[in-house]
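Colleague: Provide a 3D model corresponding to the input given below.
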Amino acid sequence: MAAAEIETKPTYCKVCMVHCGLVAEIQDQQVLKVRGDRAHPLTQGYTCPKGRAIGQLHHAPEAITEPLMKQNGELVPVSWDEALDDVATRLQSIIDKHGPHSVAINFGSGLGLDSSGYAMEEALYRALGYGPKFTPLTIDGVAKVLVAGSMGAFPGLNPKTDYDNVELLLYVGTNPMVSHAHNTGMFNPATWIKAVAKRGEVWTIDPHFTETAALSTRHVAAYPGKDYAILAWLTKEILDGGPMDPQQPIQGLENLRGALDGLECSVAADIAGVTEQELKDLLAAVRRHGKVVIETGTGITMSFGCNMTQWFAWLLMILTGAMNRPGGTWFHPSFLTPFESFELPQLDPWTPGSNTRPEVPGIIGDWPCAVLPDEIKAGNIRALLNFGGRLLRGFPDTNELSQTLGELELNVTVDILNNETTAYSTHVLPTKDAIERPEFTRWDTLAWNLSLQYSEALVKPLGERRSAWWVIAEIMRRSGMPVAEHVPVDDRTAGADETMLAHMMGSARCSFEELKKARYVELPMEFPARWLDNHIERIGGWRLVPEKLLQQWQQIYSTDKAQLGQPKPLCFSSRRQRRKFNAQLDFLGAEADMLIHPIDAAAYNIGDGQKVRVSNDKGAIELIARIDTGMRAGVVSIPHGHLEANINKLTSKSTIDSISGMALYSGVPVTIEAG
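Modeller: Numbers count the residues shown, from 1 in each chain. Presented below is the predicted three-dimensional model:
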């Protein structure tokens, strides 16, 4: 029999929010090759190794292709009816005995880009009465939502750099050359960074001389978690000597002056671990260009000073007139729910938190991921529905969490690959992966422009995999929960997946059929955006000094000031890798390494390529040392997402930010020794 023809199919990457255009070569349901799509209107052929690995991920040897259920301590294959009936029976029993809030949901990254699956997760969450909810927000991004909500009264505000016109760009704790920035949809980063540096200046603040720092005008190697002091001093100097040119109304200016009164350059430099001259040079750059745009990433959002750094970044952009203005930042108006078509609600980001840590608030309904072990131990959470998250590599305090997951009466994991988290599950339900289902870019406000993309399914589902929306809907139906009328009964009915996607586009700027036909729809965008200025005017102006941020500033600053002149402990900073995405894509071969400065390597008698043991009071991991002159002395850099060298064996469920619940994943003190 002659081999089937090789089909060439366009699609887009569903690993991160950049969504680069791809072309896949398919033969007999096998993905032979994946490359960048040169015809893609936006990315024009650019991709990274993660996007090109979709075929390898689909054909991974550890793929799960049929439902699994734990029997006699082992996960064994069962039918969908057997698995779903058992889940529903146990779930209903737990709800009857302990109430719906004894059931927790983890909105993991696995279904994070499954648009219809995520929508059904939300429906289940509503049906359970908005109980315990966990997401990646309190792992790597809570500061951004917290600051947006407290200063702009809407947590969804996300300023993005006007890369066509910006003249002074400051990266703090972000390495877009590897990460493609933090939820900004940045493709082909080298082109944009070089263009800004040629037109003006690019500064990078990071304890490591990263790939982004190499393209920057200047690099400042601040101590992890202390970069807030640099931005705080800059804010004070802008208040005292300009440039002050806010483009929207502001409130609380005098309170801000009072909060920063007396902050000296020498103090800020000492806290951040940098020189006074570096601070003065950065201030001079701001004054040369008149405004500054600041992008932050997980380097700050996962550290001790997360809220402070993000707060002062916004203050500097507001005060220098960068918000919603050319050469500054723009705000995404949403393709799916156009923000200009209604008045944005005024929302407080803080919501009730967990039972065991009531003093730590939730954020927009999310509970801190760090409280999960204690909630299970206390008997408050009896069931966990984990929709695509590798908890033991993503959640803090792996050692504590691994001891409690086995205590759950029901632990359902939706995943496509066997891993260390599925092993703890009572049920594992495999749903269609990114190339087995039709999809569109639901998280539209995180895109590079005002656009949506659509991709058809490239291959048939492996084995017995089913649509995630159907799996969740069936759990609801069999548990006696209401399911919306628009949800099809069977995902194998022709057009069922498309029906679910189309329902989500009722208020969008184009119809689902238009999107499906064009595959990529981009529309012009008003800039500056009147809806943003109108919103800020309605709330009385940017809220410069939210009370909780002010209180935290006073606490953190006074603590750090009291420690002036004392040596800073050796700590680790977390790092993303080009050939890895969080806990995914291990097969790309990213090394579990530790970057260390030659001075520290000599002090600890560590050679390049040598195995090292990194430990603290929470645990220990082993890594391969890589001596790097670009690493700041006194800091080692460790990538997150590895299994054996799991950084969360060094994090703590107890050491969390008091106003966001964010566990510290960077700037954590450690000891190191040769292995």
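Colleague: what residues are up against the closest residue in space to E278 that isn't next to it in sequence?
Modeller: Using C-beta to C-beta, 6 or more residues apart in numbering and skipping residues adjacent in sequence, the residue nearest E278 is V220, 5.2 Å away. Where C-beta positions appear, they are placed from N, C-alpha and C, glycine not excepted. With contacts taken as C-beta atoms under 8 Å, 6 or more residues apart in numbering, V220 has the following neighbours: W203, T204, I205, D206, I230, V274, E278, L282.
Colleague: ok, V220 to A229 distance?
Modeller: Going from V220 to A229 by C-beta to C-beta, to the nearest Å gives 12 Å.
Colleague: any chance of the contacts of V220 in CSV, with neighbour count, pLDDT and distance to A148 too?
Modeller: Formatted as CSV, these follow (neighbours: other C-beta atoms under 10 Å; pLDDT from 0 to 100; distance: C-beta to C-beta, whole Å):
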residue, neighbour count, pLDDT, distance to A148
W203, 23, 98, 23
T204, 28, 98, 23
I205, 28, 98, 21
D206, 28, 97, 23
I230, 26, 98, 21
V274, 22, 98, 28
E278, 19, 98, 29
L282, 24, 98, 24
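Colleague: find me the pLDDT at the residue nearest to E278, would you?
Modeller: Per-residue pLDDT puts V220 at 98.
Colleague: residues in contact with V274?
Modeller: Contacts of V274 were listed using C-beta under 8 Å, 6+ apart, and they are V220, A221, A222, I230.
Colleague: what distance do you get for the residue nearest to E278 to D281?
Modeller: Taking C-beta to C-beta, one finds V220 at 9 Å from D281.
Colleague: which residues of the stretch 101-250 of the chain score low on pLDDT?
Modeller: Low-confidence segments of the stretch 101-250 of the chain, defined by pLDDT under 70, are absent; every residue clears the threshold.
Colleague: and the strands in it?
Modeller: 103-106, 133-134, 159-161, 168-172, 201-205, 218-220, 250-251 (DSSP state E, counting those that start in this stretch).
Colleague: again, but for the stretch 301-450 of the chain
Modeller: With DSSP E, counting those that start in this stretch as the criterion, the stretch 301-450 of the chain has strands spanning 329-331, 350-351, 362-363, 383-387, 410-414, 427-429, 439-440.
Colleague: how far away is the residue nearest to E278 from F312?
Modeller: Relative to F312, V220 is positioned 15 Å away (criterion: C-beta to C-beta).
Colleague: same thing with F387?
Modeller: The gap separating F387 from F312 is 35 Å, by C-beta to C-beta.
Colleague: and what of A583?
Modeller: Applying C-beta to C-beta, the value for A583 to F312 is 31 Å.
Colleague: between those two, point out the one with more neighbours.
Modeller: Set side by side, A583 and F312 show unequal neighbour counts under other C-beta atoms under 10 Å, the larger going to F312 at 27 against 24.
Colleague: and the contacts of V274 as TSV, adding distance to A645?
Modeller: Putting those into TSV (distance: C-beta to C-beta, whole Å) gives the following:
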residue	distance to A645
V220	28
A221	24
A222	25
I230	31
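Colleague: now, the residues you listed that are in helices?
Modeller: Of these, the ones assigned to helices by DSSP state H are I230.
Colleague: from the contacts of V274, pick the one nearest K133.
Modeller: Each of the contacts of V274 was scored against K133 by C-beta to C-beta, and A222 proved nearest at 33.7 Å.
Colleague: that closest one reaches A213, doesn't it?
Modeller: No: with contact defined as C-beta atoms under 8 Å, A222 does not count as touching A213 (11.9 Å).
Colleague: more neighbours, these two?
Modeller: Just comparing A222 and A213: by other C-beta under 10 Å the higher neighbour count belongs to A222, 27 against 22.
Colleague: how about the closest residue to the more buried one other than its chain neighbours, what does it touch?
Modeller: Spatial nearest neighbour of A222, excluding adjacent residues (C-beta to C-beta, 6+ apart): A272 at 4.5 Å. A272 is in contact with A222, Y223, K226, D227, Y228, A229, I230, counting by C-beta under 8 Å, 6+ apart.
Colleague: which non-adjacent residue is nearest the third one?
Modeller: With sequence-adjacent residues excluded and distances taken as C-beta to C-beta, 6+ apart, K226 is closest to A272, at 4.7 Å.
Colleague: now do the one you found against S216, distance only.
Modeller: Going from A272 to S216 by C-beta to C-beta gives 17 Å.
Colleague: now do the helices in the stretch 101-250 of the chain.
Modeller: Along the stretch 101-250 of the chain, counting by DSSP state H, counting those that start in this stretch, helices occupy 115-127, 137-140, 142-152, 176-179, 189-199, 211-214, 228-241.
Colleague: so which of the strands of the stretch 301-450 of the chain gets nearest F572?
Modeller: strand 362-363 (25.1 Å).
Colleague: hmm, who's touching that closest one?
Modeller: Outside of strand 362-363, the residues that reach it under the criterion C-beta under 8 Å, 6+ apart are 137-138, 142, 145-146, 155, 349-354, 368, 660-661.
Colleague: and the buried ones among those residues, selectable in PyMOL?
Modeller: Under the burial definition 16 or more other C-beta atoms under 10 Å, those of the contacts of strand 362-363 that qualify are selected in PyMOL by:
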select buried, resi 137+138+142+145+146+155+349+350+353+354+368+660+661
